[in-house]
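Chemist: Generate a structure from the sequence data that follows.
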Amino acid sequence: MKERFTIVLKVSIFLAAVFVAVGIFIPETMGNAFAEIQAFMFTTFGWYFQILTTLFFIFAIYLGLSRHGGVRLGSPDEKPEFSRPVWFSMLFSAGIGIGLFFFGIAEPIDHFSAPPVGEGGTEADAVGGVTYTWLHWGLHAWAIYALVALALALQQFRYKAPGLMSTTLSPVFGAKMKGPLGHMVDIIAVFATIFGVAASLGLGAQQINAGLEYVFGVPYNFAVQLLIMMIITIIFVTSAMTGIHKGIKYLSTINISLSGLFLLFIVIAGPTLFLLNMFASSLAHYAATFIPMGMRMSPVDAQEADWTQAWTVFYWAWWISWTPFVGMFIARVSRGRTIREFIFGVILAPSLVTFFWFAMLGGTGIYLELYESIPISDESLETALFAALQELPLTTFVSVAAMAIVIIFFVTTADSATFVLGMQSTGGRLNPPPSIKVMWGVLFVSITSILLLVGGLDAFQTAIVVLALPLSIIMIFMCVGIMKILNEEKRA
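Modeler: All right, here's what the predicted structure looks like:
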């Protein structure tokens, strides 16, 4: 255990330092190189990601409905560690919350104004703007997370193995996962977590800064973003020191409540009837096109093919690259639940919330552009939310509230990340030492700050997506391992 801790920790920090150095001195060269690799990967393996992601979803649903659904993630008589409301709130702690605010209006309005087929910006494109977003943030994404989290939770809580990515491959490769092969898998997981979280926190800092600029005229620059990062670092380090049963638990519950109130305001203050009709229509369109949208590669339509690669395939790769972080955190907070409850809780509950969220926020942006001639689509990703809020009552108050919610999501994301990195670098300990969590927290906040300074954030986002290819292979073996141990348990 000590050897793995030393190897994983040292190699991960070394690789992180090398990549940050490259990002500082030649960010443009690095960005161009990874962009070329990503373009090649999406063009060559786009079909693979489309098919594989759909198969992951089907496999996850099968597990929930199968004879294995009653298997508990823990001892047979173990009770869940957290109540359902707290558990559900904590599912959004691992980075997804920031994304809901950052892309809540920006992505639906982008798909509305520039859809995969046609000119865009018409009434016929309104529903598609929402359902294309649902495709990227809904059932497929949460199925990917659920499978990795299930593999980790089974090993950790039922079979008492360390909570490491490498452990999930032990049913397939046996003792080989205790050697260099296992170290490599764990290092990939740590590396993906560090830079995936750094990219997410960078987006969060940029959106908070954009909100301050839009509402109060605060300059949009690195100095302000660095100040934001420093303040949030103090908050989340304090939270991380309290442990998962206090800091993350309480902040997650507070944030989901505040987000619910924010969403209620949008529904009431916005074009209510239009939004509810949008939700219903989008459900029908999503149900009718769920499989075709998730499998489309458009071999003869260049516009549709480019859109699919830039959006859908990118998202599948992005979610897969996030699985070491999100999967490990979901596994940690899901102890004591049955496989059936776990699968449908992790996939359906967050998906329904994201469906309603994007329909309400995205529908508001689409309504403003379509019927009020307010060009929300001209706004940047960071400012689209605040541009739409300018057209609703209580603009300043609600905009400040939105920034406060993003800050708390920022804190819970960073807190969750330090927890997961602490587990990954201490041999899978359920409660890593506070000193390790603080070390990781300071490290990835420093990385985020450097990337923001040199403009290398995009390059690292691209680099992390490239990791999705080896991680997808790891996920395939995880699924094989899940079936192997569950079948062996049934025979025993």
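Chemist: What residues of stretch 332-351 count as buried?
Modeler: Judged by neighbour count using 16 or more other Cβ atoms under 10 Å, the buried positions of stretch 332-351 are 332-348, 350-351. C-betas here are computed from N, CA, C, even on glycine.
Chemist: so where do the helices sit in the stretch 101-250 of the chain?
Modeler: 106-113, 126-137, 139-153, 170-173, 180-216, 222-242, 249-269 (DSSP state H, counting those that start in this stretch).
Chemist: So for Gly120, which of these sits nearest?
Modeler: For Gly120, the closest of these is helix 106-113, at 4.8 Å, according to Cβ to Cβ.
Chemist: relative orientation of that closest one and helix 126-137 in degrees?
Modeler: Angle of helix 106-113 versus helix 126-137, following axes from the mean of the first three to the mean of the last three Cα atoms, to 10 degrees, is 140 degrees.
Chemist: other SSEs contacting the helix or strand containing Met41?
Modeler: Per DSSP states H and E: Met41 is located in helix 27-65. If contacts are counted by 3 or more Cβ pairs under 8 Å, 6 or more residues apart in numbering; DSSP states H and E, helix 27-65 sits against helix 139-153, helix 272-295, helix 314-332, helix 339-371, helix 457-466, helix 468-491.
Chemist: hey, least reliable of those by pLDDT?
Modeler: Comparing the helices and strands packed on helix 27-65 by mean pLDDT, the weakest confidence falls on helix 457-466, with a mean of 71.
Chemist: Relative to the whole chain's centre, how far out is the helix or strand in which Gly99 is found?
Modeler: Gly99 is part of helix 96-103 when elements are defined by DSSP H and E. Taking Cα atoms, centre = their mean, to the nearest Å, the mean C-alpha location of helix 96-103 is offset from the chain mean by 9 Å.
Chemist: Then stretch 160-170?
Modeler: 22 Å.
Chemist: Now do the buried residues in it.
Modeler: So for stretch 160-170, counting by 16+ other Cβ under 10 Å, buried means Ala161, Pro162, Gly163, Leu164, Met165, Ser166, Thr167, Thr168, Leu169, Ser170.
Chemist: who touches the fifth one in this structure?
Modeler: The contact partners of Met165, by Cβ atoms under 8 Å, 6 or more residues apart in numbering, come to Leu152, Val185, Asp186, Ile188, Ala189, Pro324, Met328, Gln424, Ile474.
Chemist: Backbone torsions only: list them for it.
Modeler: phi -60, psi -40 (degrees, to the nearest 10).
Chemist: How about Ala114?
Modeler: Per degrees, to the nearest 10, the backbone of Ala114 is at phi -140, psi 70.
Chemist: Skip the chain neighbours and tell me the closest residue to it.
Modeler: Gly120 (5.0 Å; Cβ to Cβ, 6 or more residues apart in numbering).
Chemist: Measure how buried the one you found is and give me the count.
Modeler: Residues contacting Gly120 under the criterion other Cβ atoms under 10 Å number 17.
Chemist: OK, contacts around Ala317?
Modeler: Met41, Phe42, Phe49, Val465, Val466, Ala468, Leu469.
Chemist: isn't the second one right up against Trp311?
Modeler: No. Here Phe42 lies out of contact with Trp311, judged by Cβ atoms under 8 Å, at a distance of 10.5 Å.
Chemist: Okay, Gly65 and Ile347: tell me how far apart.
Modeler: No, residue 65 isn't Gly; it's Leu. 12 Å (Cβ to Cβ, to the nearest Å).
Chemist: Identify the residues contacting the residue nearest to Ala114.
Modeler: Gly120 neighbours (Cβ under 8 Å, 6+ apart): Phe112, Ser113, Ala114.
Chemist: Wait, the second one touches Gly362, no?
Modeler: Yep, that's Ser113 we're talking about. No. Here Ser113 does not reach Gly362: they are 11.6 Å apart, not a contact under Cβ under 8 Å.
Chemist: what residue ranges in the stretch 1-150 of the chain score low on pLDDT?
Modeler: 1-6, 93-95 (pLDDT under 70).
Chemist: Spatially nearest residue to Thr395, not counting backbone neighbours?
Modeler: Thr395's closest residue in space is Leu389 (Cβ to Cβ, 6+ apart), at 5.7 Å.
Chemist: Could you report the neighbour count for that neighbour?
Modeler: 26.
Chemist: OK, contacts around the residue positioned nearest the centre of the chain?
Modeler: Computing the C-alpha centroid of the chain and ranking residues by Cα atoms, centre = their mean puts Ile96 first, at 4.5 Å. By Cβ under 8 Å, 6+ apart, the residues touching Ile96 are Val326, Pro350, Thr354.
Chemist: Give me the neighbour count for the residue nearest to the last one when sequence neighbours are not counted.
Modeler: Pointing back at Thr354 there. Take Thr354 and drop its neighbours on the chain: the residue closest to it by Cβ to Cβ, 6+ apart is Trp137, 4.8 Å away. Using other Cβ under 10 Å, Trp137 has 24 neighbouring residues.
Chemist: Next up, the contacts around Trp137.
Modeler: Counting by Cβ under 8 Å, 6+ apart, Trp137 has contacts Gly99, Phe103, Tyr315, Ser351, Thr354, Phe358.
Chemist: can you pick the most crowded of the residues you listed?
Modeler: Phe358 (28 neighbours).
Chemist: how close does it sit to Leu203?
Modeler: Distance from Phe358 to Leu203, by Cβ to Cβ: 17 Å.
Chemist: Pretty sure Ser252 sits against Met90.
Modeler: Yes. With contact defined as Cβ under 8 Å, Ser252 counts as touching Met90 (4.6 Å).
Chemist: what about those two, which has more around it?
Modeler: Set Ser252 next to Met90 and count neighbours by other Cβ under 10 Å: Ser252 wins out with 28 against 24.
Chemist: what's the closest non-adjacent residue to that one?
Modeler: Per Cβ to Cβ, 6+ apart, closest to Ser252 is Ser89, 4.2 Å.
Chemist: what's the one you found in contact with, if anything?
Modeler: By Cβ under 8 Å, 6+ apart, the neighbours of Ser89 are Ser252, Thr253, Asn255, Ile256.
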